[in-house]
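> My questions concern the predicted model and sequence given below.
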Amino acid sequence: MMNNGNMKRIFCLLAVLFCSFSIFNVFAQEEYATPKPGEGISAFLERNKRPGKACYDKFMELNKNRLRGKKELLLGVKYMLPPLGNGASEATSPTSAANKKRVVRERLFGKKLAEVEVTSDRLQGACFYVVSGHGGPDPGAIGKIGKVELHEDEYAYDVALRLARNLMQEGAEVRIIIQDSKDGIRDSRYLSNSKRETCMDDAIPLNQVARLQQRCVKINELYKKDRTKYNYCRAIFLHVDSRSKSAQTDVFFYHAPKSAPGKKLAVTMKDTFESKYDKHQPARGFQVTVSARNLYVLLQAVPVSVFVELGNIQNAFDQRRFVISSNRQALAKWMTEGFIADYKSSK
């Protein structure tokens with residue numbers, strides 16, 4: 001028979017073990033991480049192996065004091081991650097199971113990023129036509145860093161894919177008009193050049209008018225059906241400008257003349273970009289511009305459209321806006337936020 005002394009020692013040992021386990025469990029669940037430049041909440045959680053709306057909602061709850069009502073991450077700030085294991089099970093409890101979002105698969109993003117978790121409904125009911133400039137036999141503007149050539153169509157396409165993926169994460173339907181079956185989203189500084197791009201599987205003609213007409217016809221065909229299902233349809237044309245090497249430029253937004261909703265969208269994009277520049281580069285003095293232009297695609301595309309010049313591919317400073325992948329991601333993220341603001345104000 002066990003005496004009272006032994007029983008007390010066993011009881012004390014069990015108490016110590018229980019406390020140790022409890023302390024370990026608490027600390028094991030508290031994990032922090034810092035975002036990368038241009039990284040949104042959804043991408044941040046995906047990188048930290050916590051995709052899905054349940055983890056998104058849990059993250060917003062855990063970091064409400066750090067976010068202060070905003071849905072934007074700040075560089076250098078440590079954010080608490082939703083717990084894995086038991087904590088993850090809690091995040092996907094029956095209460096939140098009804099709100100579980102779907103997964104969209106898009107092979108154009110590449111094998112690693114083909115599956116897109118829809119983590120928000122902020123763009124639900126919206127449809128977008130994302131068009132990167134040039135492509136196929138036409139590389140567009142060509143810049144150089146040393147002996148390396150930078151082709152406009154490759155960098156515009158990478159930003160277009162990133163934008164399309166961001167829009168999908170927000171619940172939008174997205175039509176990627178210019179496509180490359182191989183490239184996917186790339187993080188390299190120097191994007192390899194090719195002539196594989198198609199207009200949704202149709203070969204892209206070299207003739208400029210025929211090339212522009214082809215993509216507008218495709219957009220208008222899709223829009224004819226989409227307008228009956230979606231209450232907000234917008235087209236965006238992404239290009240990279242080419243000027244003298246000394247001409248450092250900001251982002252330009254163009255809209256069709258006499259298009260009030262097109263002008264409104266362009267101004268909303270401008271305001272979004274300026275607010276980002278003021279926050280991240282307050283001493284830079286960026287001057288984002290909006291103007292009406294009689295560009296072929298703006299006149300021929302039926303949906304409300306915006307044409308974006310992302311910078312000067314010849315200028316050494318502007319080139320950093322393209323060759324650094326996090327900057328390409330930031331461009332996509334800011335355009336997404338511009339669309340969200342415009343969509344919200346259109347309801």
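Received, thanks. Numbering: from 1, shown residues only.
> What ranges does the stretch 101-250 of the chain have for its helices?
Along the stretch 101-250 of the chain, counting by DSSP state H, counting those that start in this stretch, helices occupy 152-169, 208-226.
> Single out the most deeply packed of those.
Mean neighbour count (mean count of other C-beta atoms under 10 Å) peaks for helix 152-169 among the helices of the stretch 101-250 of the chain, with a mean of 26. (Glycine included, C-beta is placed from N, CA and C.)
> and it, what does it pack onto?
Judged by 3 or more C-beta pairs under 8 Å, 6 or more residues apart in numbering; DSSP states H and E, helix 152-169 is in contact with strand 115-117, strand 126-132, strand 173-176, strand 232-241, strand 304-312, helix 325-346.
> Any chance of JSON lines for the helices of the stretch 101-250 of the chain, columns distance to residue 302?
Converted to JSON lines, these look like this (distance: least, C-beta to C-beta, whole Å):
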{"stretch": "helix 152-169", "distance to residue 302": "20"}
{"stretch": "helix 208-226", "distance to residue 302": "5"}
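> Which of the ones you listed sits closest to residue 194?
Among the helices of the stretch 101-250 of the chain, helix 152-169 comes nearest to residue 194, with 7.8 Å by C-beta to C-beta.
> model confidence over the closest one, on average?
The average of the pLDDT scores along helix 152-169 is 97.
> what's around residue 115, how many residues?
13 (other C-beta atoms under 10 Å).
> in the sheet, who's paired with it?
On the basis of DSSP bridges, residue 115 is bridged to residue 105.
> where does the chain dip in pLDDT?
Within the chain, the stretches with pLDDT under 70 are 1-29, 38, 85-101, 244-248, 278, 280-286.
> Quick check, central residue of it?
residue 166 (3.4 Å; C-alpha atoms, centre = their mean).
> so what's the nearest residue to residue 293 once chain neighbours are set aside up against?
Using C-beta to C-beta, 6 or more residues apart in numbering and skipping residues adjacent in sequence, the residue nearest residue 293 is residue 254, 4.2 Å away. For residue 254, the contacting residues are 266, 290-293, 295, 298, 306-309, by C-beta atoms under 8 Å, 6 or more residues apart in numbering.
> quick one: the strands in the stretch 1-150 of the chain?
31-33, 79-81, 103-105, 115-117, 126-132, 142-145, 148-151 (DSSP state E, counting those that start in this stretch).
> No more questions from me, cheers.
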